[in-house]
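In: Structure, please.
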Amino acid sequence: MIRLFYFKGLILSSINLKLCKELRKKKRKYANAIMLLLILFVLFYIVMENRNVKVIVDELIYNYSIDRQSADNNYLKKDIELTGKFKSLLQSAYGEDFIQMETLNDTMNLYCILNNPELIEKASSITSGTSVTIVGKCLGLKEDIFDPPLNSIFIEVENIKWDGIKKKYP
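Out: Below you'll find the model as predicted:
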């Protein structure tokens, strides 16, 4: 009789083991599906977070002149693609080079800071009134360093794009 109970226990335990294995497989499938969804969500977030904010010069100036706090939330320390017309290449008393963009607003300027000699060379070949796209980081609204000082928006330039690149070479 002891063997009979022992035999029933083996049958019951083997059924339980099969059920446990099936449950483990299902749990593994669900866990894999959840991990895949999490990975996709993280990748989507990274792609959306690193995307440049596209804006035109007058829109950026208008946003800063209306509500500085909301403009800072949208642009400050973010990578932006700024499109507008090149006005001039300037140099401050401290030796920093800037691109000044044309604006419709007389009370606010937009300057793009050039820290790279290659960018300075590129900018020197752009003529006034040329439509350019500046890729860089928005540093926000500050008092400018030129005379007379105005409130100005500064962009740290990473790249300059424009059509009709004029070469200096003959």
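
In: For the residue lying closest to Ser131 once chain neighbours are set aside, which residues are in contact?
Out: If the residues on either side of it in the chain are set aside, Ser131 comes closest to Lys85, at 5.7 Å by C-beta to C-beta, 6 or more residues apart in numbering. (C-beta placed from N, C-alpha, C; glycine too.) For Lys85, the contacting residues are Val57, Met101, Glu102, Gly129, Thr130, Ser131, Val132, by C-beta atoms under 8 Å, 6 or more residues apart in numbering.

In: So what's the residue count around the second one?
Out: Put plainly, it is Met101. With neighbours defined by other C-beta atoms under 10 Å, the count for Met101 comes to 25.

In: re earlier: of the contacts of Lys85, keep whichever come out buried.
Out: Among the contacts of Lys85, those classed as buried by 16 or more other C-beta atoms under 10 Å are Val57, Met101, Glu102, Val132.

In: Thr130 is in contact with Trp162, isn't it?
Out: Yes: between Thr130 and Trp162 there is a contact under C-beta atoms under 8 Å: 5.7 Å.

In: Overlap in contacts, those two.
Out: Phe86.

In: returning to that earlier point: and of the buried ones among the contacts of Lys85, the nearest to Leu90?
Out: Met101 (11.1 Å; C-beta to C-beta).

In: confidence score at the closest one?
Out: Looking at Met101, its pLDDT is 93.

In: Renumber starting at 23 from here on
Out: With 23 as the first residue, the last one maps to Met123.

In: Please give me every residue in contact with it.
Out: Counting by C-beta under 8 Å, 6+ apart, Met123 makes contact with Val79, Leu104, Gly106, Lys107, Phe108, Lys109, Leu132, Tyr133, Cys134, Ile156.

In: Same list, the residues you listed, but as CSV with pLDDT, distance to Ser87 and secondary structure please.
Out: Listed next are the contacts of Met123 as CSV, based on pLDDT from 0 to 100; distance: C-beta to C-beta, whole Å; DSSP: H, G, I helix; E, B strand; the rest coil:
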residue, pLDDT, distance to Ser87, secondary structure
Val79, 92, 12, helix
Leu104, 93, 16, strand
Gly106, 93, 16, strand
Lys107, 93, 19, strand
Phe108, 94, 21, strand
Lys109, 92, 18, strand
Leu132, 90, 11, strand
Tyr133, 91, 16, strand
Cys134, 92, 18, strand
Ile156, 92, 19, strand
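
In: Between all of those residues, which two are at the greatest distance?
Out: Farthest-apart pair in those is Lys107 and Tyr133; separation 14.0 Å (C-beta to C-beta).

In: So which bits of stretch 148-162 are buried?
Out: Ile148, Val154, Ile156, Gly158, Lys159, Cys160, Leu161, Gly162.
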